[in-house]
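Engineer: Just need the structure, nothing else, for what follows:
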Amino acid sequence: MATAEDDTLIEKQNWHWRNTMRPVRFFNLDARAGIPYFVLLVYARPITLVMVIISTFTFKIMEKRGLTFPSALRAFRLWIFGDERPGWLTMRRRTMKDFG
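Structural biologist: Next comes the predicted model:
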């Protein structure tokens, strides 16, 4: 008969599978939000430093509001372009057909 210790041992052996889909974190931020730091390494100027700091704080605020990095980019795109984003041109959209 399996004991509680055996169950926890089996559970600990499977922990690595739980973490396979977690986002990569770098200094408690999503690693994709660290892309501006690479720009700072290549083009080290005061204005670049200011832009990196602003982007870091922006994405930190977005994460506090519950948005991940990709969803923050989608929200930003929605704010710029609005709600209407047709996938097809008007002439290529499918129309409703009645086969009755």
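
Engineer: Test my guess that residue 40 contacts residue 48.
Structural biologist: Yes: if you go by Cβ atoms under 8 Å, residue 40 and residue 48 touch, sitting 5.1 Å apart. Placement of C-beta: from N, CA and C, glycine included.

Engineer: pull the longest helix from this structure.
Structural biologist: Longest helix in the chain by number of residues (criterion: DSSP state H): helix 46-64.

Engineer: mind listing what's buried in the next helix or strand after that one?
Structural biologist: Using DSSP states H and E, the helix or strand that follows helix 46-64 in sequence is helix 69-81. Burial within helix 69-81, assessed by neighbour count using 16 or more other Cβ atoms under 10 Å, is assigned to 69, 72.

Engineer: helices and strands around helix 69-81, which ones?
Structural biologist: Judged by 3 or more Cβ pairs under 8 Å, 6 or more residues apart in numbering; DSSP states H and E, the packing partners of helix 69-81 are helix 46-64.
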